[in-house]
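Participant: From the sequence below, what's the structure:
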Amino acid sequence: MIALPFRSFAASAEDDLQDANKSIIEAIQSLQAGKIEEAKKQYETFSSTWISIESGVKEQSQDAYREIEDGMGQIQFSFAQQPVKKENLQKSLNELKQTNEKFIAGKFPHTVVKTEGEGTKQGNVADLIVLLNQSLSKLDHNDVNGAKADIEQFRTSWLDIESVVLTQSSKIYTNAERDMVTSYAMLSSNHPDIKGAKKTIERMRDYLAPLASKTSYNMLDATTILLREGLEGLLVVVALLGFLKKAGHADKSRWIWIGVGLGLGVSIILGVIVNMLFSAGAFGSNNFLIAGWTGVFAAMMLLYMSYWLHSKSSTAEWQRYIQTQSTKAIDKGSLWSLAILSFLAVFREGTETVLFFIGMASSIKLPTLLTGIAIGLVLLIVLSYLILKVGLKIPMRPFFLVSSILMFYLCFKFAGMGIHGLQLAGLLPATQAPIPTIDFFAIYSTWESVIPQFILLVVAVFAMIWNKKKDKKAKLQQTNQGESKHAL
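Facilitator: So this is what the prediction gives:
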């Protein structure tokens, strides 16, 4: 606030546009002097300023807002032509200058604010994409006027949806603002640029398409993550406690609980650090970048966990794993080694849970997320009591098989959601694919998100075949060892 002039906080929409209009006047003067590139830079200055002041103009007069954007579209179209036709560009700049001055003079009708009782319209990106597809179809049949009417309807409907787009991706918002007026200008010229208009409309449709897909997690996802991760860490702890009891080292169990406490504490601290880093340092205010990158990273971790769980679905393999790790700890004679072992087990699960929830935070309503976490905690507490106090035994093989399936489902979904988030942030392209959107599996109709998910399926099938072969080999070795002992 100190760095900016105080006037900017109190300036009216007319004052803001008057300041911005100076760039248009300078562009006209440069063009008259034959400096087309200089005129282009000055127009770009106006275009950049317009982004920060357009909301004030629209609130005051939607008619003015629409005419100014029409004028900007005509100027952009004129600059896009090669070679640039100086007469057309001069005319477009003068018309925009006159429109700006008309608003500054207060000659545009004021916008009438609708009340809730009058039925305020809720924007829908999917409807806008339908209009874009309709215009493309009409252009294929050389119906320029019909396509132009669809783009005009798109621009009118944009007023109801632009705030929704802006809150999700500023880059997509800026691109759409540019392309919708450019495409309309191309179709409205004396010699319509049909090829250029089709390319612009297709591009607009492709980067808006991800926004039309519902991007959200549900309460079951939040509950599943906490319950699954908590149960896995709990199983490791229970296995360690059981081993100590059978080995006659029950008095050392407190060191395991020390490790559990440290694991939980460090996981929470790491979560706070990561959240602060992601939101303030690495990605600024763009939530889709946060959801995108953490979604992709979590998907990679989940792929490993899914494989690890599936590989331990053999009871013999799980017992061998626990016995090997625990025996090493006791053989070293270090009580801290037991704490470190339990710490690593809990820390791994806690860290994954933190990353998963960070990735979900911008794609799920806060009450839904908190409810899912609460349900997961209650179920986890009940199961912990049953396992530790009542002595309920969970069959290892079914547990790990089900857990591996759940992990792969979440891996598949996080991969789709992560790539989708990066598309929404404008970091990745979005090429439409003839595939229906299935929100439950985070399948979206773009090749960039579907192809990695298909690769994940191939990897999962390969891993299943590989683990099955290992399991058969292990069973064969056990059988041979048993026969050898029997022969002796």
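Participant: Where does pLDDT dip in the stretch 101-250 of the chain?
Facilitator: 111-123, 163-164, 166-170, 213-217, 232, 235-236, 239-240, 242-250 (pLDDT under 70).
Participant: Tell me where it has helices.
Facilitator: According to DSSP state H, counting those that start in this stretch, the stretch 101-250 of the chain carries its helices in the segments 125-140, 144-168, 170-188, 194-212, 219-247.
Participant: packing partners for the third one?
Facilitator: Based on contacts counted as 3 or more C-beta pairs under 8 Å, 6 or more residues apart in numbering; DSSP states H and E, the elements that helix 170-188 packs against are helix 62-80, helix 144-168, helix 194-212. Using the backbone N, CA and C atoms, a C-beta is placed for each residue, glycine as well.
Participant: Where do the strands of the protein begin and end?
Facilitator: With DSSP state E, there are no strands along the chain.
Participant: Just send the helices and strands packed on helix 170-188 back as CSV, with mean neighbour count too.
Facilitator: Formatted as CSV, these follow (neighbours: other C-beta atoms under 10 Å):
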stretch, mean neighbour count
helix 62-80, 21
helix 144-168, 18
helix 194-212, 20
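Participant: G421: which of the ones you listed is closest?
Facilitator: The closest of these to G421 is helix 194-212. By C-beta to C-beta, the value is 8.9 Å.
Participant: how close does the residue nearest to Q81 when sequence neighbours are not counted get to G292?
Facilitator: Counting by C-beta to C-beta, 6 or more residues apart in numbering, Q81 lies nearest to N88, which is 7.5 Å off, once chain neighbours are set aside. For N88, the distance to G292 (C-beta to C-beta, to the nearest Å) stands at 41 Å.
Participant: Which one of the two is surrounded by more residues?
Facilitator: G292 (25 against 17; other C-beta atoms under 10 Å).
Participant: Tabulate the helices and strands packed on helix 170-188 (CSV), appending distance to P434.
Facilitator: Putting those into CSV (distance: least, C-beta to C-beta, whole Å) gives the following:
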stretch, distance to P434
helix 62-80, 31
helix 144-168, 22
helix 194-212, 12
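Participant: among those, which is nearest C411?
Facilitator: helix 194-212 (20.3 Å).
Participant: Not counting the closest one itself, show me its contacts.
Facilitator: With contact meaning C-beta atoms under 8 Å, 6 or more residues apart in numbering, helix 194-212 is reached by 80, 125-126, 128-129, 132-133, 135-136, 139, 142, 144, 147, 151, 164-165, 168-169, 172, 175-176, 179-180, 182-183, 186-187, 420, 423-424, 426, 429-432, 444-446.
Participant: And the buried ones among those residues, selectable in PyMOL?
Facilitator: Typed into PyMOL, the line below selects the buried ones among those, using 16 or more other C-beta atoms under 10 Å:
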select buried, resi 125+128+129+132+135+136+139+144+147+151+165+168+169+172+175+176+179+180+182+183+186+187+420+423+424+426+430+432+444+445+446
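Participant: unless I'm mixing things up, the residue nearest to Q81 is touching S78, no?
Facilitator: Yes - here N88 reaches S78: they are 5.0 Å apart, a contact under C-beta atoms under 8 Å.
Participant: quick one: the residue nearest to L136 when sequence neighbours are not counted from I151, how far?
Facilitator: Spatial nearest neighbour of L136, excluding adjacent residues (C-beta to C-beta, 6+ apart): I201 at 5.7 Å. Look at I201 and I151: by C-beta to C-beta, they are 7 Å apart.
Participant: Overlap of the contact sets of those two?
Facilitator: In contact with both I201 and I151: 135, 183, using C-beta under 8 Å, 6+ apart.
Participant: rewinding a little: check the residue nearest to Q81 and give its pLDDT.
Facilitator: With respect to pLDDT, N88 scores 84.
Participant: and what of the one 10 residues further on?
Facilitator: At Q98, the pLDDT value in this model is 93.
Participant: Count the neighbours of it for me.
Facilitator: Q98: 12 surrounding residues under other C-beta under 10 Å.
Participant: how far away is it from N21?
Facilitator: 10 Å.
Participant: Tally up the residues packed near V458, please.
Facilitator: Close neighbours of V458, defined as other C-beta under 10 Å, add up to 9.
Participant: Distance of it relative to F412?
Facilitator: Per C-beta to C-beta, V458 is found 12 Å from F412.
Participant: what does S183 give?
Facilitator: S183 is 36 Å from F412, by C-beta to C-beta.
Participant: what do you get for D19?
Facilitator: 51 Å.
Participant: who has more neighbours, these two?
Facilitator: Set side by side, D19 and F412 show more neighbours around F412, with 22 against 14, by other C-beta under 10 Å.
Participant: per-residue pLDDT, the more buried one?
Facilitator: At F412, pLDDT is 86.
Participant: which ones are touching it?
Facilitator: Neighbouring residues of F412 by C-beta under 8 Å, 6+ apart: 299, 441-442, 453, 456-457.
Participant: How many neighbouring residues does F440 have?
Facilitator: Counted with other C-beta under 10 Å, residues neighbouring F440 total 10.
Participant: quick one: contacts of stretch 76-89?
Facilitator: Contacts for stretch 76-89 (C-beta under 8 Å, 6+ apart): 31, 36, 39-40, 43, 75, 92, 178, 181-182, 185-186, 189, 193, 196.
Participant: Filter those residues down to the buried ones.
Facilitator: So, by 16+ other C-beta under 10 Å, the buried ones in the contacts of stretch 76-89 are 31, 39-40, 43, 75, 92, 178, 181-182, 185-186, 193, 196.
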